[in-house]
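**Student:** Sequence and predicted structure are below.
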Amino acid sequence: MPFITTDRVKEIRNEIKKEFPQYKFSVRREHHSSVYIIIKSGPVQLLTVNPERGYESVNHFYVQDHYAETPQVRDIIQKVVDIARKGQHEQFFDGDYGSVPNYYVNVHIGEWGKHYEVTK
């Protein structure tokens, strides 16, 4: 069963904040099995699909493809995902659902009701 400790989430939070001091993040543990990262604000517009909407979910398996036309955004999001996935590995293989990691990673740019903000 996937599980992530609060200490591991704290390590992820500290490393992301160290790497991106000009951005605001929310990094928390959710349901004992996931690290949940929200990029709240920063100097670069990260919303590429529909900026007026104010938020979007990131599919961390397809960052390179999805953000191919915006290399600066791609590199920022990929670095966040890489930090979050450091130490993540396949825990076991379930015949019905496939590979089960030791914890899940969820990345979002902004969130509903608290949109991503471009800062100066």
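**Tutor:** It's in.
**Student:** which residues of the chain score low on pLDDT?
**Tutor:** Along the chain, the model assigns pLDDT under 70 to residues 91-95, 97.
**Student:** Helices along that one, start to end?
**Tutor:** 6-19, 63-66, 71-85 (DSSP state H).
**Student:** any idea how far the closest residue to Lys17 other than its chain neighbours is from Gly54?
**Tutor:** Nearest non-adjacent residue to Lys17, counting by CB to CB, 6 or more residues apart in numbering: Phe25, 6.6 Å away. For glycine as for every other residue, the C-beta is placed from the backbone atoms N, C-alpha and C. Look at Phe25 and Gly54: by CB to CB, to the nearest Å, they are 16 Å apart.
**Student:** Not counting its neighbours along the chain, what's nearest the residue sitting nearest the centre point of the chain?
**Tutor:** By CA atoms, centre = their mean, the chain has its centre lying nearest to Val107, at 2.7 Å. Sequence neighbours aside, Val58 is the residue nearest to Val107 in space, at 4.1 Å (criterion: CB to CB, 6+ apart).
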